[in-house]
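Asks: Pasted the sequence and its predicted model underneath.
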Amino acid sequence: MLFKKPQVAFYPFMVLRDDYKCVRCKSCVDQCSFDATYFDEDLNMIVNRNENCVNCKRCEAFCPTDAIKVVKNPSTFHPDANWTAEAIRDIHVQMLTGAIILTSTGNDKPIRNYFDHLLLDACQVTNPPIDPLREPMELKTFIGRKTDQLQFDSDGVSIKTTIGKQLELEIPVLFSAMSYGSINLNLQKAMAIASREFGTYWNTGEGGLHKSLREFKDCTIVQVASGRFGVDLDYLETSAAIEIKIGQGAKPGIGGHLPGEKVNEGIAQTRMIPVGSDAISPAPHHDIYSIEDLRQLIYALKEATNYKKPVFVKIAAVHNVAAIACGIAHAGADAVVIDGVRGGTGATPKSLRDHVGIPIELAIAAVDDRLRKEGLRNEVSLIAAGGFRSAVDVLKAIALGADAVYIGTVAKIAAGCTQCQQCHTGRCAWGITTNDPKLAKRLNPEIVAENLYNLLRAWAHDIKELLGAMGINAIESIRGNRLRLRSWGLTEQENKILGVLPAGM
Amino acid sequence: MGKKRKLMKVYPIEENCVSCRYCEVACTMVHSKSKDPVKAYKLENLLPRATVEVKGAVSLSLMCRHCKHPFCFDSCISGAIQVDENGQVHLDEEKCVGCWNCVLVCPFGAAHPYVSEEKRHSFKCDLCGDRGFPACVEACPNRALVYDYER
C-alpha cells in the first residue's frame, strides 16, 4: 500500500483496537463483511484495512471484550465550510469512477426538521388532562375512502350508508414499502409477524410477495410499481390493500435498479424474472402520463380485485405536491401516500437523495389544506412517510393532517441497522439489506418481530400519554387539529404553510 | 434403541448461527478462575470448550454431544471419563493423563487437548455443571443455541 489513490488514503473512518483486551477470538474478522479486518498469523494480531471501513459498527458491537472502537478518522482536511471532507471525497470518487455516486438510506443533510420546531399542547386547570393508564384511549385508525354524508334508517339510529373497504389499524403506523431484493426475506417476515400481532400492515415493496409470506395476506399491502415485478391476479388478491408506487422520497423521479448479481433464485421467482437478470424499474410508469391514465390503472386494479381492496397511490413530496395529491384523489385513490425528502432507500444517486423533494411536514400541511379546500379530504386518507423517528413525530404529523404514518428506517434500526449507508452494496453486515446467505441469517425474524412489536407497543403508549396530556381520548380528535400545535423559531411564511401559530400566540 | 434419556444438552441451530463466537468467549470466561474474558485467554491460557465451525454461509457452534455410546468413554485409559445415571459424560481433568485418545476418537471434535508446563489433560463441555445453565446458550445473541431435553 505504498502508492495509494487519494480516496484510499483519506479514509473517513478507522478502527481503534485495544490490543491488551483483544483475545484473538476473531469474531470481528468473521463479522466484517466489507473486508476491513483480517487476522495476521505471523503477527498473531488482528489488523485493519481502514480504507474499507464503513462505520457499520458490527465488529464493535460483537467484540466480546470491548476491545474495538470505530471512530472518525482524526486526520481531517483543512477546515473549510465550503470544501468539506464530503465534497472533496465525492470529487475523488467521481474522478476515478466516472460514475454517479450511489448511496442509500435517507437524506443526511441538515435540512430543517420541522417536527423539531413544533410543540404540542397540554391541559391545565380550565380543561382536565386524561390519565391513559386509568381511562380508555383510542388509537384505532381507518384508512380508506369515507362517504360525504351518512344516511340513516327510519329509526334514525341505524346507518344505511355503506362505505368501501377500510384498513383497520390499531396504531396509526404502518411499515413502509421495502422490497424483497432491497431487503431480505427475514426482515419482511419480521415486519409481517409484528403487523399481524399488533394489528397494522406491512408493505411488500415493488419486489413481489414471496410465497412463504402469503399466510400474512390480511396484513399485507402489495405494491404495483413501474417495473410491475411479481404482479399477477394472485398477487393482487393476496393482500389487504394495493399500492401504486409512482415515486419515492429518497429518489423522486427516477426508477430503481436491482443489479443482476443480486437476483438469486428466490428473488427471481418472486419478481417473475430470470435469475441473474437486472431488475429495472423505469422512471415513469409507461402507461401513466396523466391523472386520467392513473385513474385507469387504479380502476383496472379495483376491477381486477372486485372492488374489495383499497388502492393507494404513493408519490414523493415534490414542489407541487398539493395539486398532484388532489389529482390523485380525483383519480379515485382510496389513500394518497406522500414520501418526504428524508425518506430512505436501498440505492439511489447521492445527488437525488440529498437535493430533490421537500420536507414531509410542509407536504402534509399543504396537501391536507388543499384537499380540504377542494372538499376532497374525506375521499382519501393521507399517509405520510419519510424520516419519522419517534411517536412524537407521528403525533405531530397527525396533528398536521396525516391519517397515518409509514415507518421504514425505524424498522431497519430495530433490526440492528446503524445507518452506515451501504445498503446499495448488498454487503450489509447486520444482515438487513443483503441476500447473501451468510449475512442474511444474521437477522433472526423471530427476534426482530419481537423488537418491532415492542416498538409499536411503546409508541402506542407514548402517543396515548401525549394525547392524555392534551385532554384527548381518541387519535381522531387530534387529526388535523393544528390548534394544538405551536411552532418556535420559524418564519411567518413557514408558519403560514404549516398552518400553525408561533408559540406564545 | 432404548427409551429417551432424561438428559438436557445444548443444541446448535445452524440457520441462526452468525459465527460471532460469543459462545466461545462466554465458555472460556465462565471456566476461568478470574471470570474475566481477557484474563481467561491471556493469563490463564484457557481455550473454549464450544468451538464455532464456519464454512461459507454455514456455521454452527460445536460442543460435546454427550453421546449414548461415547467413544471417548470406551477409549479412555485412565477412567477420567465417566457417564452418570442421566447419560451426561463427565471428564475428570485431575484423573486425565493426557493420552489424547478421546481427542482422536470423538466424531464431533468436541474433546480438546490442553498442555501447560505443569499439566496436560483433555477438556470438553461440562454443560456448565457449577453454573446450572450453559453460558454459551445465555450468551448467544441470535438464538442459535438452545438448552433442551434430548430429542
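Replies: Thanks, I have it. Numbers count the residues shown, from 1 in each chain, chains lettered A, B, ... in the order given.

Asks: Distance check, B:N142 against chain A.
Replies: To chain A, B:N142 is 5 Å away according to CB to the nearest CB, to the nearest Å. (C-beta placed from N, C-alpha, C; glycine too.)

Asks: List the contacts of that residue.
Replies: Counting by CB atoms under 8 Å, 6 or more residues apart in numbering or on different chains, B:N142 touches A:R442, A:N444, A:I447, B:N16, B:C17, B:V18, B:C20.

Asks: residues in contact with the nearest residue to the first one once chain neighbours are set aside?
Replies: Computed as CB to CB, 6 or more residues apart in numbering or on different chains, the closest residue to A:R442 that is not its neighbour in sequence is A:G431, at 3.1 Å. If a contact means CB under 8 Å, 6+ apart, then A:G431 has A:N184, A:N186, A:G416, A:L439, A:A440, A:K441, A:R442, A:L443, B:V18 as its contacts.

Asks: Apply 10 Å and report the result again.
Replies: Going by CB atoms under 10 Å, 6 or more residues apart in numbering or on different chains, A:G431 touches A:33, A:58, A:183-184, A:186-187, A:415-416, A:437-444, A:448, B:18, B:142.

Asks: Check A:R196 too.
Replies: For A:R196, the contact set (CB under 10 Å, 6+ apart) comprises A:W202, A:E215, A:F216, A:K217, A:D218, A:C219, A:T220, A:A449, A:Y453.

Asks: and the residue lying closest to the fifth one once chain neighbours are set aside, what does it touch?
Replies: Right, the one you point to is A:D218. Nearest non-adjacent residue to A:D218, counting by CB to CB, 6+ apart: A:A240, 5.6 Å away. Each residue near A:A240 by CB under 10 Å, 6+ apart is listed here: A:143, A:165, A:167-168, A:195, A:201-202, A:216-222, A:308-310.

Asks: in stretch A:15-23, what counts as buried?
Replies: Judged by neighbour count using 16 or more other CB atoms under 10 Å in any protein chain shown, the buried positions of stretch A:15-23 are A:V15, A:R17, A:K21, A:C22, A:V23.

Asks: Let me fix that, I meant to ask about stretch A:34-48.
Replies: Neighbour counts over stretch A:34-48 (16+ other CB under 10 Å) mark A:F34, A:A36, A:T37, A:I46, A:N48 as buried.

Asks: now swap in stretch B:52-62 and tell me
Replies: By 16+ other CB under 10 Å, the buried positions in stretch B:52-62 come out as B:V52, B:S59, B:L60, B:S61, B:L62.

Asks: does the fourth one have beta-bridge partners, and which?
Replies: Right, the one you point to is B:S61. B:V52 (DSSP bridges).

Asks: That one is in contact with B:C23, isn't it?
Replies: Yes - shown here, B:S61 and B:C23 form a contact pair, counting by CB atoms under 10 Å, at 4.6 Å.

Asks: which neighbours do those two share?
Replies: B:V10, B:P12, B:C17, B:P48, B:A50, B:T51, B:V52, B:C136, B:V137, B:C140, B:A144, B:L145.

Asks: Kindly list the longest helix within chain B.
Replies: Longest helix of chain B, by residue count under DSSP state H: helix B:22-30.

Asks: Can you name every helix or strand that that one contacts?
Replies: helix A:27-31, helix B:37-42, strand B:51-55, strand B:58-62, helix B:135-139 (3 or more CB pairs under 10 Å, 6 or more residues apart in numbering or on different chains; DSSP states H and E).

Asks: Let's have those in TSV, adding distance to A:R353.
Replies: TSV is the format used below for the helices and strands packed on helix B:22-30 (distance: least, CB to CB, whole Å):
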stretch	distance to A:R353
helix A:27-31	27
helix B:37-42	41
strand B:51-55	36
strand B:58-62	35
helix B:135-139	39
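
Asks: Turn those into JSON lines, columns for mean pLDDT and distance to A:G332.
Replies: Shown next, in JSON lines, are the helices and strands packed on helix B:22-30 (pLDDT from 0 to 100; distance: least, CB to CB, whole Å):
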{"stretch": "helix A:27-31", "mean pLDDT": "95", "distance to A:G332": "50"}
{"stretch": "helix B:37-42", "mean pLDDT": "93", "distance to A:G332": "63"}
{"stretch": "strand B:51-55", "mean pLDDT": "94", "distance to A:G332": "55"}
{"stretch": "strand B:58-62", "mean pLDDT": "95", "distance to A:G332": "51"}
{"stretch": "helix B:135-139", "mean pLDDT": "95", "distance to A:G332": "55"}
